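Q: just the structure for this:
(one chain, ligands or ions: 2)
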Amino acid sequence: MGARAAEVYDVVGIGFGPSNLSLAVALEEHNVHTPDEPVTAVFLERQEKFGWHRNMLLPATTMQIPFLKDIATFRNPASRYSFVSYLHASGRLASFVNNQTFFPTRQEFHQYLEWVASNFGDRVSYGAQVVGLSRPGEGSGPGVPPYLEVEIRGEADRARRSVRARNVVVSTGLVPRMPEGVPCDDRVWHSSQFLTGFRRLGRAGLRSVAVVGAGQSAAEITRFLHDSVPEAQVHSIIPSYGYSLADDTPFANQVFDPNAVDDYYFGTDRTRQAFWDYHKNTNYSVVDDDVIRDLYRRSYEEDVRGTRRLHFLNLTRVSEVKRSGDDTRVLLMNGETRELEVDLCVFATGYHAMEPTGLLGELDQYCLRDEAGRHRVDRDYRLMAGPELPGAVYLQGGTEHTHGLSSSLLSNIAVRSGEIAESIVSRRRIQRELDEPISAEPAGKSR
Ligand code: FDA
Ligand code: NAP
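A: Numbering: from 1, shown residues only. Ligands and ions are numbered 1, 2, ... in the order given. The predicted model follows:
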């Protein structure tokens, strides 16, 4: 679909991953109930088609949320866009239940997301990279049109155009993190590039590969390379003594409940810190139990057979990679420094949180910041800003400091999208009431 330049949309969503897909669903369900006052929305996505972390769609990897935390159910259990509706539509409801699991594979969840996204083709521009936001005039007050300009660069023609938005919802996702000074190239990848790179390079000629990191991505890629390149030595470079377990036990899991957002947002500095001190191990630098045990079993079997090709280099960090042609040397730091020669090095070194500053450009000066220099964000996920910002900017992601641990995850997106949709609708109602001219003659009292 092509977003129309002259129209002022109620909502322009930047990025069309699960978060804004969930918002699209919430807005559609709102419009069904209020057909006379529909909220108009368009979503801008830089990929050519819908895709959710495609480069990590490895075989046998499973979701880290139960399927009931899909993009709609926690907000509207009767939604036609629930995971259960998808199973029903695809004829697999009974067999999914026979499987007796809460955790579908990432492949299946991807298919579910694609199925939902296919219903919104008329509201999404794919191949549309947003490069910045601006405002249509100077100053503040009645003279400035009440919308933001969202500037887009098309993938195909690189041409620039813009669309107008009363509300912008930024949902551009996590940003891959490499160790400082290590660039990516054809033999050095971040995990977010993995499958594309692996398909392009092929396994022929891979004799020695390294995976850096001790999180879920690192463990899954290590396992995949061990399976897929049976001729290669596989080196897993982990900063800890061994992989640490992702805590998904019931009490700890409560940090991802919708209520936990209020506890975090309205909590004291001390309570907010406690979330991180006690529960960071629900998500960061940790690995699911089944993957840890699988890797250990493989390692033990190699011991039994006396043929070792899976190597765990623990208490080790990587500071540098030396490249020359196909020659790749990874610098390992473990008290002392030594080099490891490999044909491929994958950095599963995690992600930075979403940061809207770049997109905001000059508008960022109107956004309020806290003492630590971080954006102030209202409970409804709206950036707090001065009157010079002639529209609202909402964040889906990048709110770990205000809304807590679920900010970058799927756990709470159904409820969060509902809260954002509700905020947009109720602010529009208030704005309309304010704009309505006050009649000199009260209605119904005409002579
Ligand atoms: P997401 O990153 O999915 O989408 C952002 C979209 O914005 C992308 O499609 C991108 O192309 C687009 N975009 C970016 N910049 C743009 C621009 N300037 N203009 C236009 N488009 C732009 N969490 C969880 O709770 N359970 C899980 O099982 C998993 N599993 C998981 C696996 C892997 C491999 C990773 C890396 C992460 C997870 N996560 C997760 C966490 C992950 O953040 C989460 O699953 C979602 O991807 C969050 O959805 P978003 O839509 O916010 O971001
Ligand atoms: P992560 O959890 O942040 O892990 C990054 C790892 O890299 C950490 O162990 C980190 O160690 C290590 N590291 C960073 N710099 C290093 C260096 N220079 N040398 C050696 N090690 C270094 O990242 P992730 O594994 O990509 O996970 C990100 C998110 O995606 C999580 O939410 C995860 O649950 C999710 N995910 C889900 C699935 C799934 O659903 N199946 C799959 C993959 C990922 P330090 O902490 O010590 O720096």
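
Q: could you find the closest non-adjacent residue to residue 374?
A: Counting by Cβ to Cβ, 6 or more residues apart in numbering, residue 374 lies nearest to residue 401, which is 5.0 Å off, once chain neighbours are set aside. In this view, the C-beta of every residue, glycine as well, is placed from N, C-alpha and C.

Q: who's in contact with the helix or strand containing that neighbour?
A: For residue 401, the host element (DSSP states H and E) is helix 400-403. Identification of contacts with helix 400-403 by Cβ atoms under 8 Å, 6 or more residues apart in numbering yields 261, 264-265, 353, 370, 372, 374, 376-377, 381, 407-408.

Q: out of the residues you listed, which end up buried?
A: Neighbour-count burial (16 or more other Cβ atoms under 10 Å) applied to the contacts of helix 400-403 gives 261, 264, 377, 381, 407-408.

Q: just put those in a markdown table and tack on pLDDT, distance to residue 228 and secondary structure.
A: What follows is the buried ones among the contacts of helix 400-403, written out as a markdown table (pLDDT from 0 to 100; distance: Cβ to Cβ, whole Å; DSSP: H, G, I helix; E, B strand; the rest coil):
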| residue | pLDDT | distance to residue 228 | secondary structure |
| --- | --- | --- | --- |
| 261 | 98 | 40 | helix |
| 264 | 98 | 41 | helix |
| 377 | 98 | 42 | strand |
| 381 | 98 | 40 | coil |
| 407 | 97 | 34 | helix |
| 408 | 96 | 29 | helix |
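
Q: let me know the closest of those to residue 102.
A: Nearest to residue 102 among the buried ones among the contacts of helix 400-403 is residue 408, at 21.1 Å by Cβ to Cβ.

Q: please name the nearest non-neighbouring residue to residue 113.
A: Using Cβ to Cβ, 6+ apart, the closest residue to residue 113 is residue 52 (5.3 Å).

Q: of the buried ones among the contacts of helix 400-403, which ones also sit close to ligand 1?
A: Applying Cβ under 6 Å from any ligand atom, the subset of these adjacent to ligand 1 comprises residue 408.

Q: what residues does the stretch 151-300 of the chain have near ligand 1?
A: Checking the stretch 151-300 of the chain against ligand 1 by Cβ under 6 Å from any ligand atom, the hits are 171-174, 217.

Q: list just the nearest of the residues you listed to residue 241.
A: Out of those, the member with the shortest distance to residue 241 (by Cβ to Cβ) is residue 217, at 19.3 Å.

Q: is the closest one located within a helix, as I assumed?
A: Yes. Assigned with DSSP: H, G, I helix; E, B strand; the rest coil, residue 217 falls within a helix.

Q: Provide a list of residues in contact with it.
A: Contacts of residue 217 (Cβ under 8 Å, 6+ apart): 56, 191, 348, 350.

Q: now with 6 Å?
A: 191, 348 (Cβ atoms under 6 Å, 6 or more residues apart in numbering).

Q: same check on residue 164?
A: 8, 147 are the contacts of residue 164 under Cβ under 6 Å, 6+ apart.

Q: and it, that one's in a strand?
A: Yes. Counting by three-state DSSP, residue 164 is located in a strand.

Q: tell me how far it lies from residue 8.
A: 4 Å (Cβ to Cβ, to the nearest Å).

Q: buried stuff in the helix holding residue 401?
A: So helix 400-403, judged by 16+ other Cβ under 10 Å, has buried residues 400-403.

Q: just stretch 383-402 next, same as before
A: Of the residues in stretch 383-402, those buried (16+ other Cβ under 10 Å) are 383-385, 389-402.

Q: that one and ligand 1, are they touching?
A: Yes. Applying Cβ under 6 Å from any ligand atom, one finds stretch 383-402 touching ligand 1 at 396-397.

Q: tell me the pLDDT at the residue in the stretch 51-200 of the chain that ligand 1 sits nearest to?
A: Per Cβ to the nearest ligand atom, residue 173 is where the stretch 51-200 of the chain lies closest to ligand 1, at 2.1 Å. With respect to pLDDT, residue 173 scores 98.

Q: reformat the residues of the stretch 151-300 of the chain next to ligand 1 as a markdown table; add secondary structure.
A: Shown next, in a markdown table, are those (three-state DSSP):
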| residue | secondary structure |
| --- | --- |
| 171 | coil |
| 172 | coil |
| 173 | coil |
| 174 | coil |
| 217 | helix |
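
Q: picking up where we left off before, pipe the buried ones among the contacts of helix 400-403 into a markdown table and attach distance to ligand 2 per row.
A: As requested, the buried ones among the contacts of helix 400-403 are exported to a markdown table (distance: Cβ to the nearest ligand atom, whole Å):
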| residue | distance to ligand 2 |
| --- | --- |
| 261 | 17 |
| 264 | 17 |
| 377 | 21 |
| 381 | 19 |
| 407 | 11 |
| 408 | 7 |
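
Q: burial measure for the residue nearest to residue 411 when sequence neighbours are not counted, as a count.
A: Nearest residue to residue 411, sequence neighbours excluded (Cβ to Cβ, 6+ apart): residue 256, at 3.8 Å. By other Cβ atoms under 10 Å, the residues close to residue 256 number 21.

Q: likewise residue 246?
A: Residues lying near residue 246 (other Cβ under 10 Å) number 21.

Q: give me every residue that touches it.
A: Residues counted as contacts of residue 246 (Cβ under 6 Å, 6+ apart) are 286, 288.

Q: got the contact list for stretch 309-316?
A: So stretch 309-316 is in contact with 226, 233-238, 241, 298-299, 302, 332, 334, going by Cβ under 6 Å, 6+ apart.

Q: then the longest helix anywhere in the chain to PDB, C-alphas only?
A: If you go by DSSP state H, the chain has its longest helix at helix 413-435. Written as PDB, here are the backbone C-alpha positions of helix 413-435 (Å, rounded to 0.1, in the frame of the first residue of the first chain):
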ATOM      1  CA  ILE A 413       2.600  -6.100  23.900                       C
ATOM      2  CA  ALA A 414      -1.100  -6.900  23.600                       C
ATOM      3  CA  VAL A 415      -1.900  -4.900  26.700                       C
ATOM      4  CA  ARG A 416       0.700  -2.200  25.900                       C
ATOM      5  CA  SER A 417      -0.800  -1.700  22.400                       C
ATOM      6  CA  GLY A 418      -4.200  -1.500  23.900                       C
ATOM      7  CA  GLU A 419      -3.100   1.200  26.300                       C
ATOM      8  CA  ILE A 420      -1.500   3.200  23.500                       C
ATOM      9  CA  ALA A 421      -4.600   2.900  21.300                       C
ATOM     10  CA  GLU A 422      -6.800   3.900  24.300                       C
ATOM     11  CA  SER A 423      -4.600   6.900  25.000                       C
ATOM     12  CA  ILE A 424      -4.700   8.000  21.300                       C
ATOM     13  CA  VAL A 425      -8.500   7.700  21.200                       C
ATOM     14  CA  SER A 426      -9.200   9.500  24.500                       C
ATOM     15  CA  ARG A 427      -6.800  12.400  23.700                       C
ATOM     16  CA  ARG A 428      -8.500  12.800  20.300                       C
ATOM     17  CA  ARG A 429     -11.800  13.000  22.000                       C
ATOM     18  CA  ILE A 430     -10.600  15.700  24.400                       C
ATOM     19  CA  GLN A 431      -9.000  17.600  21.500                       C
ATOM     20  CA  ARG A 432     -12.200  17.500  19.500                       C
ATOM     21  CA  GLU A 433     -14.200  18.800  22.600                       C
ATOM     22  CA  LEU A 434     -11.700  21.600  23.000                       C
ATOM     23  CA  ASP A 435     -11.900  22.500  19.200                       C
END
